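Engineer: here is a sequence together with a model predicted from it:
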Amino acid sequence: MTILAIETSCDETSAAVVRDGKILSNAVSSQVALHAEYGGVVPELAAREHLKNLLPVTQSALSNAKISTDQLDAVAATQGPGLPTALLVGLKAAQAVAFALRKPFIGVNHHEAHLYSPWITSVPVAFPSPSNQSELVGRVTPCAPLAGGEHPNGAHGVTRPTLKPAFVADFSKFQPNVSLIVSGGHTMLVLVESELKHRVLGSTVDDAAGECFDKTGKLMGLAYPAGPEIDRLSESGNPKAFDFPRPLLHDASDDFSFSGLKTSVRYFLRDNPALLDDAQKIRDLCASIQAAIVEVLVAKTIRAAKRNGVRCVTASGGVTCNRALRQQLALACKKNGFALHLAEKSLCTDNAAMIGILAERKLMQKIPAINLDEDIKPGWVLA
Ligand code: KG4
Ligand code: ZN
């Protein structure tokens, strides 16, 4: 099954082609630099950028995948949640393509797609030489690539295709899990009991974890989005230098709250303004804020997994790029004997590949396509 998927829920315009669990292409045009000037995403600007970028991004996804529109079996797009005007661009364009091709259309919940992105892993794939291109596209080769991407047998004079990493969704090892979705707009814990069956355990009652990174970074004078920069500066900072609150850490619920931490950093900087003149103190501050956020995320995820009797934890969303979060989750899962599946860094942030993968699983499970005149669902809450 070959699917064209489109994602425009926030500030990434993305199109991907997915075939039988393999990501043939995943084109992403990020608007981060544009919105940085305003210190956050401006919805109207985001929608205009999607309008400008969607066609070239989609053309690039199709040409990178070497797929023509007549080879598509279905079209998918993010239907919600997200910025209304941004969602409209991708959903209506995808529905128009489905209409023109007379193919089924699948509207996908963005958060539900995040739940399955940790099962998309990088594997070495045989890439074609020009003469046998059509034969080899998409074939997965089980052996690991050597440095430089050459097949080990190439040394014996056998002509082998070059191996390159490609992304493939592998649900063969799927097991019930607790999934942490952590981004600029959302922080939630979800119990994924089986494929396409899930229940939200808790979510943020105010700011998302990414928002906390971005807003505390702004207080320190860092550019939007500050999360990646705080991650970088924290590498040479002392996480124990300053003691910030760990909101709701010991609360019985699986909910999160990060606005109190942001406020506490605001007051701390008000009382210690000279600290921002010292580069090492800024690094210590970054590391201390990051430690507070990461401790809460990890502790609550592990506790939810134990409480729900699952042996597996997954994580996705932009903040899952954070090195401390990845390390601390790995350590905690090892200590508790849990399997851990973290989304690949390039698939943590918003992308159409995860939309295509979920759409394909839905079609395989005979979940009906939706009507072409169905509207966006900006406030679509994952149940
Ligand atoms: O998932 P995403 O691309 O977009 C949505 O918000 O939906 O996530 C963006 C968020 C931003 O808040 C950004 O600061 C944060 O992810 N982020 C990070 C890192 N990389 C991205 N936060 C901490 N450490 C990182 N390395
Ligand atoms: Zn997202």
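Structural biologist: Structure received. Residues are numbered from 1 along each chain as shown. Ligands and ions are numbered 1, 2, ... in the order given.
Engineer: please count neighbours and contacts with C-alpha atoms only from this point.
Structural biologist: Will do.
Engineer: can you map out the strands along this protein?
Structural biologist: Secondary structure of the chain (DSSP state E): strands located at 2-7, 12-19, 22-30, 74-80, 105-109, 120-127, 162-169, 177-182, 187-194, 197-203, 312-316, 339-342.
Engineer: next, Ile376: phi, psi?
Structural biologist: For Ile376, the backbone dihedrals (degrees, to the nearest 10) come out as phi -70, psi 160.
Engineer: that one and Leu233, how far apart?
Structural biologist: Ile376 is 39 Å from Leu233, where distance means CA to CA, to the nearest Å.
Engineer: who has more neighbours, those two?
Structural biologist: Ile376 (23 against 17; other CA atoms under 10 Å).
Engineer: enumerate every residue touching the residue nearest to the more buried one when sequence neighbours are not counted.
Structural biologist: Distances taken as CA to CA, 6 or more residues apart in numbering place Gln79 nearest to Ile376, at 5.0 Å, with adjacent residues excluded. Listed by CA atoms under 8 Å, 6 or more residues apart in numbering, the contact set of Gln79 reads Ser9, Leu87, Leu91, Gly107, Val108, Asn109, His110, Asp375, Ile376, Lys377, Pro378.
Engineer: ok, now with 6 Å
Structural biologist: With contact set as CA atoms under 6 Å, 6 or more residues apart in numbering, Gln79 has these partners: Gly107, Val108, Ile376, Lys377.
Engineer: a markdown table for these, including distance to ligand 1 and pLDDT?
Structural biologist: Shown next, in a markdown table, are the contacts of Gln79 (distance: CA to the nearest ligand atom, whole Å; pLDDT from 0 to 100):
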| residue | distance to ligand 1 | pLDDT |
| --- | --- | --- |
| Gly107 | 18 | 97 |
| Val108 | 15 | 97 |
| Ile376 | 17 | 98 |
| Lys377 | 16 | 98 |
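Engineer: which ones are touching Gln31?
Structural biologist: Gln31 neighbours (CA under 6 Å, 6+ apart): Asp11.
Engineer: kindly report the same for Ala287.
Structural biologist: Residues near Ala287 by CA under 6 Å, 6+ apart: Ser234, Gly237, Asn238, Pro239.
Engineer: top of those residues by neighbour count?
Structural biologist: Ser234 (24 neighbours).
Engineer: near ligand 1, which residues of the stretch 151-300 of the chain show up?
Structural biologist: Within the stretch 151-300 of the chain, the positions lying close to ligand 1 (CA under 6 Å from any ligand atom) are Ser183, Gly184, Gly185, Gly210, Glu211, Phe213, Asp214, Pro225, Ala226, Gly227, Pro228, Asp231.
Engineer: list only buried entries from those residues.
Structural biologist: Neighbour counting over those (16 or more other CA atoms under 10 Å) leaves Ser183, Gly184, Gly185, Gly210, Glu211, Phe213, Asp214, Pro225, Ala226, Gly227, Pro228, Asp231 as the buried ones.
Engineer: so how many other residues sit close to the nearest residue to the third one once chain neighbours are set aside?
Structural biologist: Okay, so that is Gly185. Closest residue to Gly185 apart from its sequence neighbours, by CA to CA, 6+ apart: Ala208 at 5.5 Å. Other residues lying near Ala208 total 23 when counted by other CA under 10 Å.
Engineer: pretty sure Ala208 contacts His186?
Structural biologist: Yes: under the criterion of CA atoms under 6 Å, Ala208 makes contact with His186 at 5.0 Å.
Engineer: anything in stretch 309-327 sitting right up against ligand 1?
Structural biologist: Yes: under the criterion of CA under 6 Å from any ligand atom, ligand 1 is reached by stretch 309-327 at Gly317, Gly318, Val319, Cys321, Asn322.
Engineer: and which of those is nearest Leu191?
Structural biologist: Nearest to Leu191 out of the residues of stretch 309-327 next to ligand 1 is Gly317 (CA to CA; 16.1 Å).
Engineer: so what's the closest one up against?
Structural biologist: The contact partners of Gly317, by CA under 6 Å, 6+ apart, come to Ile181, Val182, Ser183, Cys348, Thr349.
Engineer: so can I have TSV of the residues you listed showing pLDDT?
Structural biologist: Formatted as TSV, the contacts of Gly317 follow (pLDDT from 0 to 100):
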residue	pLDDT
Ile181	98
Val182	98
Ser183	95
Cys348	96
Thr349	94
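Engineer: please pick the buried ones from these.
Structural biologist: Looks like those have Ile181, Val182, Ser183, Cys348, Thr349 buried, using 16+ other CA under 10 Å.
Engineer: not counting residues beside it along the chain, what's closest to Gly260?
Structural biologist: Nearest non-adjacent residue to Gly260, counting by CA to CA, 6+ apart: Pro247, 7.0 Å away.
Engineer: tell me who's in contact with the one residue in the stretch 1-150 of the chain that gets nearest to ligand 1.
Structural biologist: Residue of the stretch 1-150 of the chain nearest ligand 1, by CA to the nearest ligand atom: Cys10 (6.4 Å). Shown in contact with Cys10 (CA under 6 Å, 6+ apart): Leu83.
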